[in-house]
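structure for this input, please:
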Amino acid sequence: MPDEDEIIDNRPPSKSQRKREMHAQFDLGKVLVDLPTSQLKKLALDESLYDAIDTCKNIHKHGARKRQHKLISKLLSDADTESIQQAIDNFKAPQREAIAELHAIEDWRDRLIAEDDAALTEFISQYSAADRQQLRQIVRNAKQTKSPERCKKAKRELFQLIKELVEIKSD
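Numbering: from 1, shown residues only. Below is the predicted model:
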């Protein structure tokens, strides 16, 4: 007598599951259309799928473009979508790292301006190449509220200084 796990595994996927898979393929197709041609050629795609994506890039009418996206989605059902998605994630990984680094720099800038000497001491201990006096002067200029232009300029200058120090440390 078969146990419950075997009975569940023999069932076809539910209608909701099939719809989720179709939407995922449709979204993947949109991502593929938005990829630059140089990255698209690096993917292992069928010639028909590549041609459909190339055609979709040249279509500007909304209805026709949507029909082409549906065709791409249908062609993706025969392709290995997991490997395609993994390759796309690999393309975007350096971009995500750069964005995360910029966010970290912005966080340091905001902390240095908002907090007192504790944040400055922590920053200098982490980035030993920092010039304490120069850093204090720029932070002091950024905290001034008399002239908004000078404040913005000091914040940009502080951002650039932190960015340089982060790049020095990563080298």
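
secondary structure class for the residue positioned nearest the centre of the chain?
Centrality entry for the chain: nearest residue to the mean C-alpha point is Arg96, 4.1 Å, by CA atoms, centre = their mean. The three-state label given to Arg96 by DSSP: H, G, I helix; E, B strand; the rest coil is helix.

state the distance from it to Phe159.
20 Å (CB to CB, to the nearest Å). (Each C-beta comes from the backbone N, C-alpha and C, glycine too.)

gap between Cys151 and Asp116?
With distances taken as CB to CB, Cys151 is found 18 Å from Asp116.

so those two - more neighbours on which side?
A count of neighbours by other CB atoms under 10 Å puts Cys151 above the other of Cys151 and Asp116, at 16 against 9.

in which helix or strand does the more buried one reside?
Assigning secondary structure by DSSP states H and E places Cys151 in helix 148-170.

coming back round to it: from Gln126, how far out is the residue nearest to the centre of the chain?
According to CB to CB, Arg96 and Gln126 sit 23 Å apart.

repeat that for Ala24.
41 Å.

what comes up buried for the helix holding Cys151?
Neighbour counts using 16 or more other CB atoms under 10 Å place Cys151, Ala154, Lys155, Leu158, Phe159, Leu161, Ile162, Lys163, Leu165, Val166 of helix 148-170 among the buried residues.

and Ala142, how many neighbours does it have?
Residues near Ala142, counting by other CB under 10 Å, number 21.

packing partners of whichever helix or strand it is part of?
Under the criterion DSSP H and E, the helix or strand holding Ala142 is helix 132-143. For helix 132-143, the elements it packs on are helix 81-114, helix 117-126, helix 148-170, judged by 3 or more CB pairs under 8 Å, 6 or more residues apart in numbering; DSSP states H and E.
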